[in-house]
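>>> Mind folding the following:
(chains A and B)
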Amino acid sequence: MGDTAAVAFEKSTHQSNRVSSSHSRPSVLLVDDDPYVIAAMQRNLHPYDIDLHVAFHGFQGVTEALACEPDLVITDLQMPVANGIELMQCLSHIPKTRSVPIIIITGRHNMTLSKRLRSLGVEAILEKPVSFEVLSKQISQFIRFEKQSLPFPSAR
Amino acid sequence: MSSLTSVSNTSSDATLAHSCELNPTNQELIASLLALESQLAQAQKLESVGQLAAGIAHELNTPIQFVGDNTRFLKESFQAIEGVLQSIDHAMASFPENEAFQEIFKPVRDAYQSFDIAFVREEIPMAIDQTLQGAENVARIVRAMKVFSHPGTKELQAVDLNSLLESTITVSRNEWKYCALVETQFANNLPKILCYPGELNQVFLNLIVNGAHAIQSRRLDTLGRIKIQTRISGDLVVIDFEDTGTGIPDAIRNRVFDPFFTTKGVGKGTGQGLAICYNIIVKMHGGRIEFDSVEGKGTVFHVTLPLESTNSDRSTTTLLESESRSS
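The predicted structure follows:
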C-alpha cells in the first residue's frame, strides 16, 4: 500500500508540473483506501486544471494536507490507520487546514452519521457509487474547476 | 415374585392408560413447540440473511464506484480516439498516387486491413454504453437492497410509501421478471406516513412474490401482470396489489391469513407469508388487509393504512412524554 501511495503521489506531483503556473491552480486532496477508486477518479480528473494529491488513509491524508495545503478535501470515511472522521478532526485543529471544505464520499451512510458529519463542518456527503457528473458539480461549488486543455488530441 | 410383577403390571397399566389420555395434549404441545422452533429458526435465518445482504450491498459500492468511473473514462477516451481515426481515414482516402507516399503509409494501410476495424469502431461505443447501463443497474439494485435490508428500527419513521414500493419491486425482480410485467400507478400527492418501514417492506415483498407465484401456477405462455397502485381515500392510504394469477378458491378464502396454512408444496411455502402480513398491517400499523379474488382471473390485495400513525402508538408516545415530564 505504501509503495502504491508513493507511486500515486509521484504521479500526481508530476501531473501538477505540466503547467508552469501551478501556483494559481486549486489544490485538491483525494483520500480513499481503495487504490482502484483513487486511480479511476484520477483518470477522470486528469483533464482538469487542478493540483491533485492523493492519500490512502486518514493519517496519510493529514501529512499530505500539511504538505499541499489543499483548497478542497474529498475523503472516504472507512479507512485503516485513521478514518475520515479522525482525518477531519485533525484538519480542524491545524490552523493551515482549519477551514478547508470537505466532501465525503462514503459507502456507508445513514441519518445519524450524516448529522454527526454536518456538526463536524462537512460541506457535502455523497453516497458511493457517485457519478463523476455529480462529483464535478460538488467540486465546482468550492474551487475553480475547469478543463485545462482538451484531454486528448482532437481530430480536425 | 409373580404377584409383585402382576401388581406392578397393573399399576403400569393404569399409568399407561393415564398417559394415553394425556398423550394427545402432549403431542399437540410438542407439535406446536416444534412449529414455533422452526418459525424462530426461520426468522433467525432471515435476519442473518438480511444482515448479510446489507453487508454485501455496502461491499459492492466500492467496485461499482471504480467500474463506473473507469467506464466513463473509456467512453470519453474512445470518443477522442475515434476522432483521430476519422482524420486518419480522411488522410488515407486523399493520398496522392505518389509512390513514395504509398510506401510510407503502406504499414498503416496493412494494419487497418489486418482486422475488422469498422466492426470494432462500431461495437466499442455500444459495449461501453451497455457496460455503463449495467453498472447503473447494479447500483440501483444495491441502493434498493440497502433500503430494503435496513435494520428495522423499532421506532415509527416518516416514510414515502411509493419509494418503499419501488425498492421492493427492484429487489424482488428475479421473482417476477420471467412470469409478469410489473406496472405501477402511484399517487403523487402521497404524504409521508409514520410506519415501520422494514416490516412494510416485508409485507410488500410477500404480496408481490405471492402474485408472481399465482401467475406462474397458471403456466401460461404469455407474461402475466402485477399492478401496484397507491391512492388516498379519506384519511387512509390504500395500496392495491393486483395480479392475473390463479385466484383464491372460495373454499379456502377464510383461511389464507391463518398461520401455517399453505397451498404450496412441502418446502416451498411455510404458510407464514400472509399471517405475517396480517400481523404487521393490522396489529402493528392499525391498518387492514383484504382481498378480492376471482378464480382463474386473479386477485387484488388491498392494504389500507391510516395516514396518521396508529392510535395506540400515539397514546404510548404521549404517555411516555408526560411521564418524563413529571419525573
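>>> any weak-confidence spans in the chain?
Picking chain A for this. Low-confidence segments of chain A (pLDDT under 70): A:1-23, A:109-110, A:149-156.
>>> meant chain B, my bad for not saying
In chain B (pLDDT under 70), the answer is B:1-24, B:43, B:46-47, B:50, B:147-154, B:265-271, B:309-327.
>>> can you list the residues of it near chain A?
For chain B, the residues in contact with chain A (Cβ under 8 Å from any Cβ of the partner chain) are B:58-59, B:61-66, B:68-70, B:72-73, B:76-77, B:80-87, B:135, B:139. The C-beta positions use only the backbone N, C-alpha and C, and glycine is treated the same way.
>>> Report the contact partners of residue B:277.
By Cβ atoms under 8 Å, 6 or more residues apart in numbering or on different chains, residue B:277 lies in contact with B:202, B:203, B:206, B:207, B:257, B:289, B:303.
>>> rewinding a little: show the buried residues in the residues of chain B next to chain A.
In the residues of chain B next to chain A, burial by neighbour count holds for B:58, B:61-66, B:68-70, B:72-73, B:76, B:81, B:83, B:135, B:139, counting by 16 or more other Cβ atoms under 10 Å in any protein chain shown.
>>> ok, back up a step: let's have the contacts of residue B:277 in JSON lines, adding secondary structure and neighbour count.
Supplementary listing: these in JSON lines, determined by DSSP: H, G, I helix; E, B strand; the rest coil; neighbours: other Cβ atoms under 10 Å in any protein chain shown:
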{"residue": "B:202", "secondary structure": "helix", "neighbour count": "20"}
{"residue": "B:203", "secondary structure": "helix", "neighbour count": "27"}
{"residue": "B:206", "secondary structure": "helix", "neighbour count": "21"}
{"residue": "B:207", "secondary structure": "helix", "neighbour count": "26"}
{"residue": "B:257", "secondary structure": "coil", "neighbour count": "18"}
{"residue": "B:289", "secondary structure": "strand", "neighbour count": "21"}
{"residue": "B:303", "secondary structure": "strand", "neighbour count": "24"}
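>>> Now flag whichever of these is closest to chain A.
residue B:202 (20.1 Å; Cβ to the nearest Cβ).
>>> ok, that closest one touching residue B:280?
Yes. In this structure, residue B:202 is within contact of residue B:280 by Cβ atoms under 8 Å, at 6.6 Å.
>>> mind listing the strands in the chain by residue range?
The chain I'm using is chain A. A:27-31, A:51-55, A:72-75, A:102-106, A:124-127 (DSSP state E).
>>> my bad, the chain I had in mind was chain B
Counting by DSSP E, residue ranges of the strands within chain B are B:157-159, B:180-185, B:193-195, B:224-233, B:236-243, B:288-294, B:298-306.
>>> what's the last one packed up against?
Using 3 or more Cβ pairs under 8 Å, 6 or more residues apart in numbering or on different chains; DSSP states H and E as the contact definition, the elements that strand B:298-306 packs against are strand B:193-195, helix B:197-217, strand B:236-243, strand B:288-294.
>>> With the second one instead?
Here strand B:180-185 touches helix B:161-171, helix B:197-217, strand B:224-233, going by 3+ Cβ pairs under 8 Å, 6+ apart.
>>> Taking the contacts of residue B:277 together, which two end up most distant?
B:202 and B:257 (15.0 Å; Cβ to Cβ).
>>> Please tell me how far residue B:137 sits from residue B:51.
Applying Cβ to Cβ, to the nearest Å, the value for residue B:137 to residue B:51 is 24 Å.
>>> For chain A, what's the nearest residue on the stretch 201-327 of chain B?
Proximity of the stretch 201-327 of chain B to chain A (Cβ to the nearest Cβ) peaks at residue B:201, 16.5 Å away.
>>> what's next to stretch B:95-107, contact-wise?
With Cβ under 8 Å, 6+ apart, stretch B:95-107 has contacts from residue B:92.
>>> and with 10 Å instead?
With Cβ atoms under 10 Å, 6 or more residues apart in numbering or on different chains as the contact definition, stretch B:95-107 has outside contacts at B:88, B:91, B:92, B:109, B:112.
>>> Quick check: beta-bridge partners of residue B:292?
residue B:300 (DSSP bridges).
>>> In this structure it contacts residue B:298, no?
Yes. With contact defined as Cβ atoms under 10 Å, residue B:292 and residue B:298 form a contacting pair (9.2 Å).
>>> Which one's more surrounded, those two?
residue B:298 (23 against 13; other Cβ atoms under 10 Å in any protein chain shown).
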